[in-house]
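> pasting a predicted model and its sequence here:
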Amino acid sequence: MPSPLDLSLTNGPIPWIATVAAVLAVVYLAARRGRSWQVRVLPVVVLACLVVTTGLTFVIDHVWRPWPEPMPAILVVWLGAVLMALTLAALRLRSGRWYGRAFGVVLAAGVVTSAGVAVNAHFGQYPTARAVLDVFRDTKIDLDQAAPPPATVVEVPVGGRLADVWTRPANLPEQGTVSEAAIPGGFPARPAWVYLPPAYAATPRPRLPVIVLMAGQPGSPRDWFDGGRIVDNLDAFARAHNGLAPIVVVADQLGGPTANPLCVDSKLGRSETYLARDVPAWIKQRLTVDERREAWTVAGFSQGGTCAVQLAVRAPDVYGNFIALAPQGEPTLSTRQDTVKTVFDGDEAAFTRSNPRDILARQRFPQTAGVVVAGRDDAQYRHADAEVYEACRKAGMDVLWKELPNGHDWNMAREGLFGSLPWLAARTGLAR
């Protein structure tokens, strides 16, 4: 029998049970005897919660704007449900026996929990309860301990492949390591998270290919370890390839959870220079890597996927490959007009110089390869993803299109990234 910790939180019965339980809890909290309650109090509560929910949604979408697209409908619905449950439970505290009041608090807490389950199912952030518990476990080790200078390195003949000369040592560990490291540069980035595969512990040490990976916005580098399950998936890939897997550096392209400097150099920060120059320079200086551009991949999900396409065309001397997971059609804060005004001081030409599709329309990139992955049910970005793919193809890139049966969520991002690893391994020498 599978462990309860490994039951899916994104598919199957758990999200449905949580939703039904929340509906029943709200109905129970709303059901009280007395005409005054039914005619006067309950309608006022419902109307007040509706007004507050609408107002908060307006503020988030049009004033705060922490992300370019409107709030998903599921967030709006559950926000209203939580407000309703909390308000009704608070009103119940004014009367009744103590156990009835306590039961109301428990029901309200259950609605909040159900909302978390439903929202998590929508975004696919934590696929199982075990993934939730991993948030509270600190398995990172110091980078100096994980990545000491190599005594010797594996020599690969010019034009050869690492997989052809690599032999797995008998004492190689089964798992890779995770470290956190501040990468210096001219951008106020949060610390990067670094995955080193089992082969990195070998002597002699192989020079491994690199993936510079980015999460979406809002987000942080850690998201790829929680929602993206990097350790589980790359360890599995390494087991199937004699310990070999890419080094993954999850860099911060945002500078804050809700910041969005669009991966360009502007008054919002020098994000492009940081990702195109500072991060690669640090990786080459600090880690044992294959320095050929063909061995370097930039990848990301959502806003991070947009950045991946930007860097593929703005820094093709650094990144020979890219994996764009549900990218936006262009770098954006909300609308093009607002983006040009806020980031480029109204200079449309400056925006055009940074917009990947404009660059792809006037330049060719026959030495760059990539994968564009879209969610079939992603109503927000599915069409834009196809346009990005077509622009890359017409610019001479060796580009693949993948469409997965998901929405704009971590289920798609996980499968999209790790489903692209065999393609990437063939390009970077990790597979024959």
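Perfect, I can see it now. Everything quoted here is computed from the prediction, not taken from an experiment. Numbering: from 1, shown residues only.
> contacts, neighbours, all on C-alpha from now
OK.
> got any ranges where this structure has weak pLDDT?
Confidence mapping of the chain against pLDDT under 70 gives the ranges 1.
> grab the most central residue of it for me.
Nearest residue to the geometric centre of the chain (C-alpha atoms, centre = their mean): Ala215, 3.5 Å.
> test my guess that it contacts Gly227.
No. Between Ala215 and Gly227 there is no contact under C-alpha atoms under 8 Å: 9.7 Å.
> just the element for Phe322, please.
Secondary structure from DSSP states H and E places Phe322 in strand 321-325.
> which parts of the helix or strand following that strand are buried?
On the C-terminal side of strand 321-325, the closest following helix or strand by DSSP H and E is helix 336-344. Buried positions in helix 336-344, judged by neighbour count with 16 or more other C-alpha atoms under 10 Å: Thr339, Val340, Val343, Phe344.
> any idea how many residues pack against the closest residue to the second one other than its chain neighbours?
Closest residue to Val340 apart from its sequence neighbours, by C-alpha to C-alpha, 6 or more residues apart in numbering: Gly346 at 5.0 Å. When counting by other C-alpha atoms under 10 Å, one arrives at 14 neighbours for Gly346.
> again, but for the one 4 residues further on
Other residues near Ala350 number 13, with proximity taken as other C-alpha under 10 Å.
> hmm, it is touching Phe344, no?
Yes. Using C-alpha under 8 Å, Ala350 makes contact with Phe344 at a distance of 6.4 Å.
> quick revisit: list just the nearest of the buried residues of helix 336-344 to Pro184.
Nearest to Pro184, judged by C-alpha to C-alpha, of the buried residues of helix 336-344 is Val343 at 23.5 Å.
> and the gap between the closest one and Pro257?
From Val343 over to Pro257 the distance is 18 Å, taken as C-alpha to C-alpha, to the nearest Å.
> repeat for Thr128
Using C-alpha to C-alpha, we find Thr128 at a distance of 24 Å from Pro257.
> same thing with Asp377?
26 Å.
> in the protein, where's the longest helix?
The longest helix of the chain (DSSP state H) is helix 98-123.
> pull out the buried residues from that helix.
Of the residues in helix 98-123, 101, 104-105, 107-123 count as buried by neighbour count, 16+ other C-alpha under 10 Å.
> cool, and stretch 274-282?
Taking 16+ other C-alpha under 10 Å as the criterion, stretch 274-282 shows Tyr274, Leu275, Ala276, Asp278, Val279, Pro280 as buried.
> stretch 413-432 too?
Buried, per 16+ other C-alpha under 10 Å, within stretch 413-432: 413-418, 420-421, 424-425, 427-431.
> farthest pair within the residues you listed?
Ala413 and Gly429, at 23.7 Å, using C-alpha to C-alpha across these.
> ok, and what's touching stretch 329-343?
67-69, 260-262, 266-268, 303, 306-307, 346-348, 351, 355-357, 381, 384-385, 387-388 (C-alpha atoms under 8 Å, 6 or more residues apart in numbering).
> at 7 Å instead, please
68-69, 262, 266-268, 306, 346-348, 351, 355-356, 384-385, 388 (C-alpha atoms under 7 Å, 6 or more residues apart in numbering).
> considering those, which possesses the most neighbours?
Counting by other C-alpha under 10 Å, top hit in these: Thr306 with 31 neighbours.
> for Pro331, see how far away it is.
Distance from Thr306 to Pro331, by C-alpha to C-alpha: 7 Å.
> what do those two both touch?
Common contacts of Thr306 and Pro331, defined by C-alpha under 7 Å, 6+ apart, are absent altogether.
> contacts only, for the residue nearest to the centre of the chain.
Per C-alpha under 7 Å, 6+ apart, neighbours of Ala215: Pro221, Asp223, Trp224, Gly300, Phe301, Gly304.
> of the buried residues of stretch 413-432, which is the nearest to Phe322?
Distances from Phe322 to the buried residues of stretch 413-432, taken by C-alpha to C-alpha, are shortest for Leu424, at 9.4 Å.
> quick one: whichever strand or helix holds the closest one to strand 321-325, angle?
Assigned by DSSP H and E, Leu424 belongs to helix 421-428. In terms of direction (axes from the mean of the first three to the mean of the last three C-alpha atoms, to 10 degrees), helix 421-428 departs from strand 321-325 by 160 degrees.
> output the contacting helices and strands for helix 421-428.
If contacts are counted by 3 or more C-alpha pairs under 7 Å, 6 or more residues apart in numbering; DSSP states H and E, helix 421-428 sits against no helix or strand.
> quick one: the nearest residue to Gly255 once chain neighbours are set aside from Gly346, how far?
The shortest distance from Gly255 to any non-neighbouring residue, by C-alpha to C-alpha, 6+ apart, is to Ala189 (4.5 Å). The gap separating Ala189 from Gly346 is 26 Å, by C-alpha to C-alpha.
> what does Leu42 give?
Separation of Leu42 from Gly346 (C-alpha to C-alpha): 50 Å.
> swap in Leu88?
According to C-alpha to C-alpha, Leu88 stands 49 Å off from Gly346.
> repeat for Lys140
For Lys140 relative to Gly346 (C-alpha to C-alpha), the value is 44 Å.
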